[in-house]
Every structure is written in C-alpha cells, then in structure tokens.
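Visitor: Fold the stuff below for me.
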Amino acid sequence: METYVDLVLHYGGRWRNEGEMVYEKSQVKTVRLVDVDYISFFTLLDFFLDLRCEIGGRMWFKINGLSTNDGMDEIFSDADTSNMIYYNNGQDNIDVFMVEHDPPVTILLIVVVEHEGHQSMVLIDESEAMDGQQNLTNAMEGGKTEILEKE
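Guide: Modelled structure (predicted):
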C-alpha cells in the first residue's frame, strides 16, 4: 500500500533561540502527496533547489507533536530521511527546514598531491585551511590529516 505525505518546506529563514527554537523570516511551500517510498536526502535537496535555495545549506525535520527544542533533527543522509518518515508515521504532513547560509559543523577538503611519483589524497579539516599552498603544508605537518596513498 502506498503512503503519501505533504512536505511543508520552510526556506529563506534562519534559526533563533528565544528559549524555544524559532525559524524566522521564512517562506513556506507545500509539496503535496509525496510517496514516502521515494523520499531521500537528494529528493529533499532537489525540492529546495527548485525553490532556488543554494547548495550547501543545512536541512532539518520536525517530529510532529514535539516542541522545536525537543523535536528537531538535522538531515545529513538517507538514514535521517528514513527517521523523518518513521517518527512522523501516520501524520498528514512533515515540516522540513532549510537554512542556506548556515555552514556545516565541519567541512573536509580533499586535496590530491603528487610526490615522488605517488599520488596521495589528503583530507584537511576546514579549520586548518588557510591560503594557497600554505594550507596543505600546515595540514600535512600538523599531523591532524589522514593521508591515503595510491600508487
């Protein structure tokens, strides 16, 4: 049996804490009758991109019946969209929020380096990144990176 839900997309706003988390200055668009079997991380992202949201924002869903302090969960992957559907089972709609200019908790930069005939992939935490070649040198010398060698 197919199950459908309305996705209430909140976008263009930001989170503010007033004792209770509040999503302010947002626009709202409802996507009606979405088959829950076809909801994924990228499906949600596509809905927001269709609304001209920028890539790189962060998404959350609300668990109906709970406050925004207790019932918000960030969406990082398809596992989170599965949780979103599970926690809101039996509900007619699910609220999904996008904050476009809210940087992720951490960003890993991947750099491919060739040294003495070997190629290495270096993962650099954004907090270590600086300008130009200096960021790669500092990251490699800092010992906080993971280097994956490939011959």
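Visitor: Do I have it right that residue 67 meets residue 20?
Guide: Yes. Contact criterion C-beta atoms under 8 Å: residue 67 and residue 20 qualify, at 6.3 Å. Quick note: C-beta positions are derived from backbone N, CA and C, even for glycine.
Visitor: contacting residues for residue 100?
Guide: 11, 12, 53, 54, 56, 57 (C-beta atoms under 8 Å, 6 or more residues apart in numbering).
Visitor: quick one: contacts for residue 21?
Guide: 15, 68, 69, 72.
Visitor: Not counting sequence-adjacent ones, nearest residue to it?
Guide: In space, residue 21 comes closest to residue 68 once its chain neighbours are excluded; the distance is 4.2 Å by C-beta to C-beta, 6 or more residues apart in numbering.
Visitor: Could you measure from that neighbour over to residue 49?
Guide: 25 Å (C-beta to C-beta, to the nearest Å).
Visitor: Residue 59: which element?
Guide: Assigned by DSSP states H and E, residue 59 belongs to strand 58-62.
Visitor: Kindly state the domain boundaries assigned to this structure.
Guide: 4-99, 108-150 (automatic domain parsing).
Visitor: Could you name the helices and strands sitting against whichever strand or helix holds residue 47?
Guide: Assigned by DSSP H and E, residue 47 belongs to helix 41-50. Where contact means 3 or more C-beta pairs under 8 Å, 6 or more residues apart in numbering; DSSP states H and E, helix 41-50 is packed against strand 4-11, strand 58-62, helix 78-87, strand 93-99.
Visitor: tell me which residues of the first one are tucked away?
Guide: By neighbour count, and taking 16 or more other C-beta atoms under 10 Å as the criterion, the buried residues in strand 4-11 are 5, 7, 8, 9, 10, 11.
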